[in-house]
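In: what's the 3D shape of this:
(one chain, ligands or ions: 1)
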Amino acid sequence: MEQLKERIRKDGRVIGNDILKVDSFLNHQIDPALTDAIGAEFYRLFSAEKVDRVLTIEASGIAAAVMTAKYFGCPLVFAKKSRTVNQSASVYTSKAFSFTHKTESNVIVSKEYIKPGENVLIIDDFLANGCALRALRDIVLQAGANPVGAGIIIEKAFQPGGKDLRSEGLRIESLARIKSMSEQNGVEFI
Ligand code: 5GP
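Out: This is a model prediction of the structure:
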């Protein structure tokens, strides 16, 4: 998605060799017009699928996921992150190691909001090692639902998550795929 790549080139900030900060338009301050265009692009890419629900994880995936859900005319559910395990029988839980916070969190979704047999489209802001996406797919499978694919805003393709999950059969569509990045040279896209 050219509009997104241009914005990353203009406003993204590389920290070290593997963190991209996009706080000015995606992760802290949000650009509504760009976020709407992202939702429209995910709708275009997955329009052949019947999507019953969109699923993301709090907090930074929510804005793009809500726009995507608006285009599909379906609800958005966001998984909650918690340090404590919720043992309740009324929730699905999985675990994800956070790439940015370097901590493990429990990922929780109420059983009320994903039903067996539903087609679920997963949306997230970044794909790095694939832990967050794996946890979300795990929850969809626990629910007896069907993960129709994952829409990722920025994939750091030099990290293994995308390759690993694609080889496991998950359809992943990323709007910007980063080949490499550094503080000196900025971001290079695939
Ligand atoms: P993964 O679980 O694939 O290793 O990492 C994906 C999650 O970590 C995303 O939900 C995102 O919040 C966060 N993340 C991973 N890499 C980056 C990055 O370079 N920049 C930002 N802002 N978040 C990242």
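
In: From here on, just use CA atoms for contacts and neighbour counts.
Out: Will do.

In: wait, what's in contact with the most centrally placed residue in the chain?
Out: Per C-alpha atoms, centre = their mean, the C-alpha nearest to the average position across the chain is that of Asp124, at 1.1 Å. Contacts for Asp124 (C-alpha atoms under 8 Å, 6 or more residues apart in numbering) come out as 56-57, 60-62, 64-65, 133, 150-153.

In: at 7 Å instead, please
Out: Contacts for Asp124 were tallied using C-alpha atoms under 7 Å, 6 or more residues apart in numbering; they are 56, 61, 151-153.

In: now swap in Ile122 and tell me
Out: 54-56, 149-151.

In: same check, this time on Cys74
Out: 52-53.

In: Could you shift the numbering so residue one becomes 33, and keep it that way?
Out: Got it, first residue is 33 now, which makes that one Cys106.

In: List the residues that contact Ile222.
Out: Taking C-alpha under 7 Å, 6+ apart, one finds 209-211 in contact with Ile222.

In: Filter the contacts of Asp156 down to the ones in strands?
Out: In strands, judged by DSSP state E, the following of those are found: 88, 183-185.

In: now those as a markdown table including distance to the ligand, neighbour count and pLDDT?
Out: What follows is the ones in strands among the contacts of Asp156, written out as a markdown table (distance: C-alpha to the nearest ligand atom, whole Å; neighbours: other C-alpha atoms under 10 Å; pLDDT from 0 to 100):
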| residue | distance to the ligand | neighbour count | pLDDT |
| --- | --- | --- | --- |
| Thr88 | 9 | 27 | 98 |
| Gly183 | 12 | 30 | 98 |
| Ile184 | 9 | 25 | 98 |
| Ile185 | 10 | 24 | 98 |
